[in-house]
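In: show me the folded form of this:
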Amino acid sequence: MKTAPSISFCLILLLLALFPSCARVNHLMKAKPTTPGPDFLDFRVTPDNQSARSPFHYAAYTTDQTTLRIASHRRRICIAPVLTQALRPISKKLASAEYGALRPQQTREIAHALRTEFARALTANPGAPYQLALRPGKDTLVLQLNLIELDPTSAKGNVAKTVVKYTVGPIASIGVGFFTGGRIAIEGRLREGSTGATLFQFADREKDKATIYSARDYMALGHSTRTIREWAQQLSTFLRTSGPVKDSFFLTPLVY
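Out: Numbers count the residues shown, from 1 in each chain. Below is the predicted model of the structure:
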């Protein structure tokens, strides 16, 4: 008898995924934009807003033709060390109590993941648009990333959420998930190496995906590292194409 609500819940989620207006549902369920960090993005230098075709909350190019022309000939890219000075405190009490002492370690881990995954997507994966440069130079582009939010997933809270799901019901567990879910937000800018001019800027925020069951629900940074891989591949696709790039879906069937 206790499995019936879970089966019903799965069917509801599958119907949402297949519903013709799932893009609208996805928009409603995804994380909302966050406040920009201080002294990183300069919206004045990238007035060509292309957020509508991007999977990010904000994406825009410069309109300076000289910068665009020079950048179009660049085939090498340097991924700069990730900035973390503007990282905000953990916003949720459960995660703060659970991981507050691990904040420096987790910040370093996520900064390393950001640099590694963006380098892989932009220079090593099939179809990657660039070759990796180990340091900035006159013949390179430079990608700078700024980590501004990192709320780990509360593993202990999600254990309680699982208990509620199978004893009270899946709908009740959604309320618990509001307090246990994590989120991550970054900003990025792509600069031309010889002049330092900004070519492109983007920003996005994601929260833990809805899951039926996932090991990532019981890992502090499991959802965040998955999001980073998605961001990196989305940026790689966006930079080498002119058409729309789809956002990831708010629900995932993946168990890891």
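In: quick check: buried residues in the helix or strand hosting Thr66?
Out: Using DSSP states H and E, Thr66 falls within helix 65-71. Using 16 or more other CB atoms under 10 Å as the burial criterion, the residues of helix 65-71 that qualify are Thr67, Leu68, Ile70, Ala71. Bear in mind the C-beta positions are built from the backbone N, C-alpha and C, glycine included.
In: try stretch 115-122
Out: Arg115, Glu117, Phe118, Ala119, Arg120, Ala121, Leu122.
In: and stretch 50-59, by the same measure?
Out: For stretch 50-59, using 16+ other CB under 10 Å, the buried residues are Gln50, Ser54, Pro55, Phe56, His57, Tyr58, Ala59.
In: quick check: phi and psi at the third one.
Out: Meaning Pro55. When read as degrees, to the nearest 10, the backbone of Pro55 gives phi -90, psi 0.
In: what does the helix holding Thr66 contact?
Out: Helix 65-71 is contacted from outside by Tyr61, Thr62, Leu141, Leu190, Glu192, Ser194, Thr195, Ala197, Thr198, Leu199, using CB atoms under 8 Å, 6 or more residues apart in numbering.
In: residues contacting the third one?
Out: What that stands for is Leu141. Leu141 neighbours (CB under 8 Å, 6+ apart): Ala71, Arg74, Arg76, Ile77, Cys78, Tyr130, Leu190, Arg191, Glu192, Gly193, Leu199.
In: sec struct for Ala121, please.
Out: Using DSSP: H, G, I helix; E, B strand; the rest coil, the structure places Ala121 in helix.
In: not counting sequence-adjacent ones, nearest residue to it?
Out: Ala232 (3.6 Å; CB to CB, 6 or more residues apart in numbering).
In: just Thr153 next, same as before
Out: Gly182 (3.9 Å).
In: the helices in this structure, which residues?
Out: Assigned by DSSP state H, the chain shows helices spanning 4-18, 22-29, 65-71, 93-99, 103-123, 155-167, 170-180, 222-240.
In: re the thing from before, any idea which of the contacts of Leu141 is closest to Thr167?
Out: Distance to Thr167, by CB to CB, is smallest for Leu190 among the contacts of Leu141, at 49.5 Å.
In: tell me the bridge partners for that closest one.
Out: Leu143, Phe200 (DSSP bridges).
In: where does it land on pLDDT?
Out: According to the prediction, Leu190 has pLDDT 98.
In: ok, it to Arg216 distance?
Out: If you measure Leu190 against Arg216 using CB to CB, to the nearest Å, the figure is 29 Å.
In: distance of the nearest residue to Leu102 once chain neighbours are set aside from Ser242?
Out: Using CB to CB, 6+ apart and skipping residues adjacent in sequence, the residue nearest Leu102 is Ala220, 7.6 Å away. The gap separating Ala220 from Ser242 is 38 Å, by CB to CB.
In: kindly report the same for Lys93.
Out: 45 Å.
In: now Tyr99
Out: In terms of CB to CB, Tyr99 sits 41 Å off from Ser242.
In: show me what contacts Leu87?
Out: With CB under 8 Å, 6+ apart, Leu87 has these contacts: Thr107, Leu147, Ile148, Glu149, Leu150.
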